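**Q** Give me coordinates for this.
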Amino acid sequence: MKMGGTAYGDDAPQVPMRRRLLGDPGLPAGGFLLNGRRELSWPLYRWDYWRWHVNENIFRFNLAAAVFLWETTDGRLAAVLHPDGPGEAFLQVHPAYRSAELEVEMMATAETQFATTQPDGGQRLTLWAHEHDGLRRDLLARRGYTLGKHPEYQRRRSLDRPIPDFQLPAGYTVRALGDVTEHPARSWVSWRAFHPDEPDAQYEGWTWYHNVQRAPLYRRDLDLVAVAPDGELAAFCTVWFDDVTRTAAFEPVGTHPDHQRRGLGRALMAEPRAEARTLAKLQATARHVLAAALDASVGRLGRERLGGLIEP
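**A** Alright, predicted model coming up:
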């Protein structure tokens with residue numbers, strides 16, 4: 001079956017990207033389920049998080065020019081190629097249409113569109129492949145790529161197994177994030193959790209959180225925070241629930257440095273409120289939780305290594 005790759009903006013700028021991703025057979029949902037709920041291609045929550053937070057707030061790629069689609073002759077979406085940050089790209093391929101020919105074509109497009117120029121004039125690009133993806137890893141090796149030093153680990157667990165009960169330290173409580181008046185506090189604890197060594201003068205404010213809440217899968221009742229005894233936000237855990245695939249994900253999870261090593265992150269991920277609102281009513285059909293940053297002590301079913309292979 002012959003397929004052609006085109007920039008998203010070239011052929012259907014009037015069709016929202018997310019609608020195309022969800023179309024029959026549905027790359028995020030259909031591909032994700034056919035892959036056994038393994039993130040061999042992005043599930044919808046990760047696309048939402050990248051589209052409305054990572055790209056909207058940080059990198060600001062022009063999606064019409066930066067996202068490339070491969071469709072079958074009868075209009076089915078077979079693959080998507082897009083950047084994450086500068087100098088790296090993800091190949092999302094529906095398993096029903098995967099082939100060496102398609103992979104090579106997508107790699108060539110990525111090298112043309114997303115490689116960054118280094119100070120010595122050379123080109124550099126990171127493409128991602130799972131450790132057990134022999135086809136992609138072999139093709140990348142033949143093109144001169146080498147394994148990078150900063151892998152991503154993807155962890156998942158089944159809800160058939162008991163969820164540990166982690167008690168909060170004395171004086172701490174867990175609740176859902178409040179309304180917009182609490183955005184400054186939520187933004188600040190995120191800044192301190194992920195930028196502990198950077199000067200506070202580089203803090204750019206809290207309005208970025210509006211974009212996070214614009215993501216279609218976002219639910220404020222599943223945006224959990226741990227509150228310290230003095231009333232300040234101490235930690236956070238956002239749960240993304242996808243009713244189509246019956247999966248949920250924790251992204252992000254973080255704790256203010258002043259409150260670390262007290263088990264707040266574990267307690268948030270095991271918080272009964274999260275299970276009650278996303279899973280308990282669906283416990284017969286909700287089968288898996290994916291957690292990109294799931295701590296081992298919460299109890300994981302499996303872990304996979306996603307390696308960045310770097311073009312010299």
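**Q** any idea how far residue 31 is from residue 229?
**A** Residue 31 sits at a distance of 46 Å from residue 229 (criterion: CB to CB, to the nearest Å). C-beta: built from backbone N, CA, C; applies to glycine.
**Q** These two: which is more packed in?
**A** residue 31 (27 against 11; other CB atoms under 10 Å).
**Q** For the more buried one, give me its contacts.
**A** Taking CB atoms under 8 Å, 6 or more residues apart in numbering as the criterion, residue 31 is in contact with 40, 41, 92, 93, 94, 95.
**Q** Give me the three-state assignment for the first one.
**A** When you say that, I think you mean residue 40. Secondary structure state of residue 40, per DSSP: H, G, I helix; E, B strand; the rest coil, is coil.
**Q** Name the nearest residue to it, sequence neighbours excluded.
**A** Once flanking residues are discounted, residue 40 sits nearest to residue 130: 6.1 Å by CB to CB, 6 or more residues apart in numbering.
**Q** Just want the most central residue of this protein.
**A** Nearest to the geometric centre of the chain sits residue 46, at 3.2 Å (CA atoms, centre = their mean).
**Q** In a strand, that residue, correct?
**A** No - under three-state DSSP, residue 46 sits outside any strand and is assigned helix.
**Q** So it sits against residue 32, correct?
**A** No - if you go by CB atoms under 8 Å, residue 46 and residue 32 don't touch, sitting 9.7 Å apart.
**Q** rewinding a little: what distance do you get for the residue nearest to residue 40 to residue 247?
**A** 18 Å.
**Q** Which one's more surrounded, the two?
**A** Neighbour count, other CB under 10 Å: between residue 130 and residue 247, residue 247 has more, with 24 against 18.
**Q** Give me the phi and psi angles of that one.
**A** Taking degrees, to the nearest 10, you get phi -130, psi 160 for the backbone angles of residue 247.
**Q** If I look at it, what pLDDT would I see?
**A** pLDDT recorded at residue 247 is 81.
**Q** and if you look at residue 73?
**A** 85.
**Q** neighbours around it, how many?
**A** Neighbours around residue 73, by other CB under 10 Å: 9.
**Q** quick one: what helix or strand has it in it?
**A** Here residue 73 sits in a region with no helix or strand, counting by DSSP states H and E.
**Q** Which segments of the chain make up each domain?
**A** 4-153+307-311, 173-286 (automatic domain parsing).
**Q** worst average pLDDT in these?
**A** domain 4-153+307-311 (a mean of 83).
**Q** Okay, and residue 236 sits in which element?
**A** strand 233-242.
**Q** Given that strand, what are its sheet partners and their directions?
**A** Here strand 233-242 has these sheet partners by DSSP bridges: strand 223-227 (antiparallel), strand 247-255 (antiparallel).
**Q** will you turn these into JSON lines that also has distance to residue 72?
**A** Conversion of those to JSON lines gives the following (distance: least, CB to CB, whole Å):
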{"stretch": "strand 223-227", "distance to residue 72": "38"}
{"stretch": "strand 247-255", "distance to residue 72": "26"}
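**Q** Compare those and report which one is nearest to residue 271.
**A** strand 223-227 (5.9 Å; CB to CB).
**Q** returning to what we had before: so what does the residue nearest to residue 40 look like in phi/psi?
**A** phi -70, psi 150.
**Q** go on, the one 3 residues further on?
**A** Geometry field for residue 133 lists phi and psi as phi -90, psi 80, criterion degrees, to the nearest 10.
**Q** residue contacts, the residue lying closest to it once chain neighbours are set aside?
**A** Closest residue to residue 133 apart from its sequence neighbours, by CB to CB, 6+ apart: residue 40 at 7.1 Å. By CB under 8 Å, 6+ apart, the contact list for residue 40 reads 31, 95, 130, 133.
**Q** Break down the stretch 101-250 of the chain into its strands, ranges please.
**A** Remark: strands assigned in the stretch 101-250 of the chain by DSSP state E, counting those that start in this stretch are 116-117, 123-130, 146-147, 152-158, 173-176, 223-227, 233-242, 247-255.
**Q** counting contacts, what elements does the first one pack onto?
**A** Going back to what we said before, that points to strand 116-117. Applying 3 or more CB pairs under 8 Å, 6 or more residues apart in numbering; DSSP states H and E, we find strand 116-117 packed against strand 123-130.
**Q** What strands flank the strand it packs on, and is each parallel or antiparallel?
**A** Here, using DSSP bridges, strand 123-130 pairs with strand 88-93 (parallel), strand 116-117 (antiparallel), strand 302-311 (antiparallel).
**Q** C-alpha coordinates for that strand, CSV please?
**A** Provided in CSV are the C-alpha atoms of strand 123-130 (Å, rounded to 0.1, in the frame of the first residue of the first chain):
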residue,chain,number,x,y,z
GLN,A,123,24.0,18.3,12.1
ARG,A,124,22.6,16.6,15.2
LEU,A,125,19.2,14.9,15.6
THR,A,126,17.8,12.6,18.3
LEU,A,127,15.3,9.9,17.3
TRP,A,128,13.7,7.7,19.9
ALA,A,129,13.3,3.9,19.8
HIS,A,130,12.3,1.3,22.4
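**Q** No further queries at this time; thank you.
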